[in-house]
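Let me see the structure of the following:
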Amino acid sequence: MAGRKSQINKERIEALDALGFEWDPDGSVPKLMFHERVEQLKKFRDKYGHMNVSEKDPEYAQLAHWIHQMRGQYRNRKAGKPYRSRNEGKPSPMTDERLAALVMA
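Next comes the predicted model:
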């Protein structure tokens, strides 16, 4: 999308920031929402009969990376650790609701 004018305005960016919306490292593209990734995982499971997504498959590399992050967040939540060292004292993004959505996937 390089060279294209963004369709998002300043007010929308501020509203998303106020909600704690996660942006990519350069701050220009929103990451897929959690529930969208869960839906991708369900479709993968329905197609292949498992949820062992390989990062080596270019079609599913981003989904595999997300799954890796979710598993790490789950392990840290069980151990009572922050999900990243820079987030010491902040609650894990692996909420009860997210955990339930993953279990139901």
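
any weak-confidence spans in this protein?
1-8, 17, 20-32, 81-92, 105 (pLDDT under 70).

What is the longest helix of it by residue count?
In the chain, with assignment by DSSP state H, the single longest helix is helix 61-79.

residues of it that come out buried?
Neighbour counts over helix 61-79 (16 or more other CB atoms under 10 Å) mark 63-64, 66-67, 70, 73-74, 76-77 as buried. Yep, even glycine has a C-beta here, placed from its N, CA and C like the rest.

Give me the phi and psi for residue 34.
Torsion angles at residue 34 (phi, psi; degrees, to the nearest 10) stand at phi -50, psi -50.

could you check the distance from it over to residue 75?
Residue 34 sits at a distance of 18 Å from residue 75 (criterion: CB to CB, to the nearest Å).

Residue 95 now?
15 Å.

How about residue 19?
In terms of CB to CB, residue 19 sits 27 Å off from residue 75.

From what I see, residue 41 and residue 60 are in contact.
No: using CB atoms under 8 Å, residue 41 is not in contact with residue 60; the gap is 9.7 Å.

shared neighbours, the two?
Jointly contacting residue 41 and residue 60 under the rule CB atoms under 8 Å, 6 or more residues apart in numbering are residue 53.

So what's the residue count around the residue nearest to residue 66 when sequence neighbours are not counted?
Residue nearest to residue 66 in three dimensions, not counting chain neighbours: residue 37, with 5.0 Å by CB to CB, 6 or more residues apart in numbering. Look at residue 37: counted by other CB atoms under 10 Å, it has 20 neighbours.

Sweet, I'm off.
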